[in-house]
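Asks: what follows is a predicted protein model with its sequence.
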Amino acid sequence: MRTQIGIVGAGPAGLLLAHLLHLQGIESVIVEVRSRHYIEHRIRAGVLEQGTVDMMIETGVGERLKREGLVHHGIHMRFNRREHRINLYELTGGKAITIYAQQEVVKDLISARLAAGGQIFFEAKDVSVDGFNGTTPSMRFSADGKTHELTCDFIAGCDGFRGVCRPSIPAGVLTFFDRTYPFAWLGILVQAPPSSDELIYAHSERGFALLSMRSTEIGRLYMQVPADADLKDYPDDRVWRELHARFAIDGDWKLTEGPVLQKNLAPMRSFVAEPMQYGRLYLAGDAAHIVPATGAKGLNLAAADVRLLSQALADYYSSGGTRLLEQYSQRCLRRVWKAQRFSWWMTTMLHRFDTDNAFDQRRQVAELDYLTGSQAAMKSLAENYVGLPWD
Ligand code: RFL
Ligand code: PHB
């Protein structure tokens, strides 16, 4: 089997890359370890930046997003039992975020890809990549009971943080930058109308909590728990009790409970691998970098990476030029590091650290107080939150 671009992973990065390449007349094949059903139901991100939304609409995969996505013009910050709204729309000259679940993005991209005759191998086993340090990259995998070898011009490693592409790069080539946090997020999906029209980021002495949603009928709530927390220690009533306490404000606001449809834990980590390329293997999305979810940036960064990669590959196939391919890593990393900084800042401002003393806690509250009282500070948050310009 032969194609132009071999793509490992059918997450947002791999699927969007295949779609953007197709629009430029470039062929690709995607190889994915999980089943279609699994990736179409994996619950993860919810917040799309303005640029990600615009890109989906402009490239013809935004019809359902336009119909079903919830456009939000602001977010709320809660601390000291009070709520403060940040008007993203006004502070950014008319930009917004859209709530549209990652698995819906994945569904839309899979159906567009298959409708265009694209090939995706689901439930592939023993996926490996080879030859990318020379001129003949290849991928091997088994699917449908057969072993396949796919030769290609380039490989795109879009296989997430635990994929095979990054570890296939020889030792010593990449430099890793990382930070782990002493907490994780416990997330619940709730069958009840969200208790706020807009997201609420809550700082409290008991730790961070976040109110988000998936639709007008389904809520999504998160709370900070210790990094080694075990779900069995968090029955629903304990989670609700904790959420009520963390969101509490003076006034008559109430958190509406409902049946918990799903409960999971997500680790918090910052990670960057540099450079994002070796030979003819290009890394994109979580395969190259991870941000703590507090900034809602991971999926959006994956979209920004593959936008640049598709442009660089289009330039290569149309003119033979390699300049954009050579610049790929450097151009991505400028944006990645800004998102790293923002996500780290949001995380450290809002979470409770065991090592914090009373000074640190006062300082955190002062930071939130400054943020919500300063147009300049709110504008800085807003422009990062809705998404920095692509380049
Ligand atoms: P993915 O989505 O992990 O996709 C990688 C795909 O590769 C497959 N794979 C392999 N395939 C073939 N061979 C192998 N050896 C393979 N190994 C793995 C996997 O099965 C998978 O299908 O990476 P991608 O495409 O880079 O996308 C990144 C995003 O998924 C991620 O950054 C976001 O979910 C992060 N994130 C958020 N991002 C946002 O932009 N906005 C948000 O609101 C937001 N909220 C979140 C989040 C992540 C969270 N968790 C669970 C960590 C909230 C949470 C709780
Ligand atoms: C979500 O809705 O899943 C979500 C929202 C905001 C975040 C992270 C996750 O910062």
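Replies: Structure received. This is a predicted model, so every value here is computed, not measured. Ligands and ions are numbered 1, 2, ... in the order given.
Asks: would you map the helices across the stretch 101-250 of the chain?
Replies: Ranges of helices in the stretch 101-250 of the chain, per DSSP state H, counting those that start in this stretch, are 102-115, 165-168, 236-247.
Asks: is the first one up against ligand 1 anywhere?
Replies: Yes - counting by C-beta under 6 Å from any ligand atom, ligand 1 has neighbours in helix 102-115: residue 102. No exception for glycine: its C-beta is placed from N, CA and C like everyone else's.
Asks: can you tell me which residues in the stretch 51-200 of the chain are near ligand 2?
Replies: residue 199.
Asks: residue contacts, residue 231?
Replies: 186, 263, 264, 265 (C-beta atoms under 8 Å, 6 or more residues apart in numbering).
Asks: can you report how many residues lie near residue 156?
Replies: 31 (other C-beta atoms under 10 Å).
Asks: my guess is it meets residue 8, correct?
Replies: Yes - with contact defined as C-beta atoms under 8 Å, residue 156 reaches residue 8; the gap is 7.0 Å.
Asks: just how off-centre is stretch 5-13 within its chain?
Replies: On the basis of C-alpha atoms, centre = their mean, to the nearest Å, stretch 5-13 sits 15 Å off its chain's mean C-alpha point.
Asks: just the CA atoms of it, as CSV, please.
Replies: Provided in CSV are the C-alpha atoms of stretch 5-13 (Å, rounded to 0.1, in the frame of the first residue of the first chain):
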residue,chain,number,x,y,z
ILE,A,5,1.0,11.0,4.1
GLY,A,6,0.7,8.2,6.6
ILE,A,7,-1.1,9.5,9.7
VAL,A,8,-0.9,7.7,13.0
GLY,A,9,-4.0,8.4,15.2
ALA,A,10,-7.6,9.4,14.6
GLY,A,11,-7.9,12.0,17.3
PRO,A,12,-8.7,15.6,16.4
ALA,A,13,-5.1,16.2,15.1
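Asks: does any part of it sit near ligand 1?
Replies: Yes - part of stretch 5-13 sits near ligand 1 under the criterion C-beta under 6 Å from any ligand atom, namely 8, 9, 10, 11, 12, 13.
Asks: can that stretch be said to contact ligand 2?
Replies: No - against ligand 2, stretch 5-13 shows no contacts by C-beta under 6 Å from any ligand atom, the least distance being 13.6 Å.
Asks: can you give me the mean pLDDT across that stretch?
Replies: Taken as a whole, stretch 5-13 carries a mean pLDDT of 98.
Asks: stretch 135-149 too?
Replies: 96.
Asks: show residues contacting it.
Replies: 1, 6, 8, 31, 121-131, 150-155, 279-281.
Asks: what's the first-to-last distance across that stretch?
Replies: Separation of the first and last residues of stretch 135-149 by C-alpha to C-alpha, to the nearest Å is 16 Å.
Asks: quick one: check that stretch for contact with ligand 1.
Replies: No - Stretch 135-149 is not in contact with ligand 1 by C-beta under 6 Å from any ligand atom; minimum separation 7.2 Å.
Asks: all numbers from here: first residue = 5
Replies: In the new count, where the first residue is 5, that last one comes out as stretch 139-153.
Asks: distance between that stretch and the chain's centre?
Replies: 28 Å.
Asks: list the contacts of residue 19.
Replies: Taking C-beta under 8 Å, 6+ apart, one finds 34, 110, 113, 114, 117 in contact with residue 19.
Asks: and it, which of the three is it?
Replies: Using DSSP: H, G, I helix; E, B strand; the rest coil, the structure places residue 19 in helix.
Asks: turn the contacts of residue 235 into TSV, columns for neighbour count and secondary structure.
Replies: TSV is the format used below for the contacts of residue 235 (neighbours: other C-beta atoms under 10 Å; DSSP: H, G, I helix; E, B strand; the rest coil):
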residue	neighbour count	secondary structure
190	24	strand
267	15	strand
268	14	strand
269	15	strand
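Asks: near ligand 1, which residues of this structure are found?
Replies: Counting by C-beta under 6 Å from any ligand atom, the residues of the chain that sit close to ligand 1 are 12-18, 35-38, 43, 48-51, 106, 128, 131, 162-164, 167-168, 189, 191, 270, 289-290, 297, 300-304, 306.
Asks: what subset of these is buried?
Replies: Among those, the ones that count as buried by 16 or more other C-beta atoms under 10 Å are 12-18, 35-37, 43, 48-51, 106, 128, 131, 162-164, 167-168, 189, 191, 289-290, 297, 300-304, 306.
Asks: where do the strands of the stretch 205-354 of the chain begin and end?
Replies: Per DSSP state E, counting those that start in this stretch, the stretch 205-354 of the chain carries strands over the ranges 213-217, 222-230, 264-278, 281-282, 285-287, 293-294.
Asks: among these, which is the most enclosed?
Replies: strand 285-287 (a mean of 28; mean count of other C-beta atoms under 10 Å).
Asks: run a quick neighbour tally on residue 7.
Replies: A count of nearby residues for residue 7, using other C-beta under 10 Å, gives 18.
Asks: wait, what's in contact with it?
Replies: Residue 7 touches 31, 32, 33, 123, 154, 156, counting by C-beta under 8 Å, 6+ apart.
Asks: how close does it sit to residue 234?
Replies: 44 Å (C-beta to C-beta, to the nearest Å).
Asks: ok, back up a step: and the contacts of residue 7, which are buried?
Replies: Buried among the contacts of residue 7 by 16+ other C-beta under 10 Å: 31, 32, 33, 154, 156.
Asks: ok, then the element right after the top helix by length along the chain?
Replies: If you go by DSSP state H, the chain has its longest helix at helix 327-354. Next along the chain after helix 327-354, taking DSSP states H and E as the criterion, comes helix 362-377.
Asks: helices or strands next to that next one in the packing?
Replies: strand 78-83, helix 327-354, helix 379-389 (3 or more C-beta pairs under 8 Å, 6 or more residues apart in numbering; DSSP states H and E).
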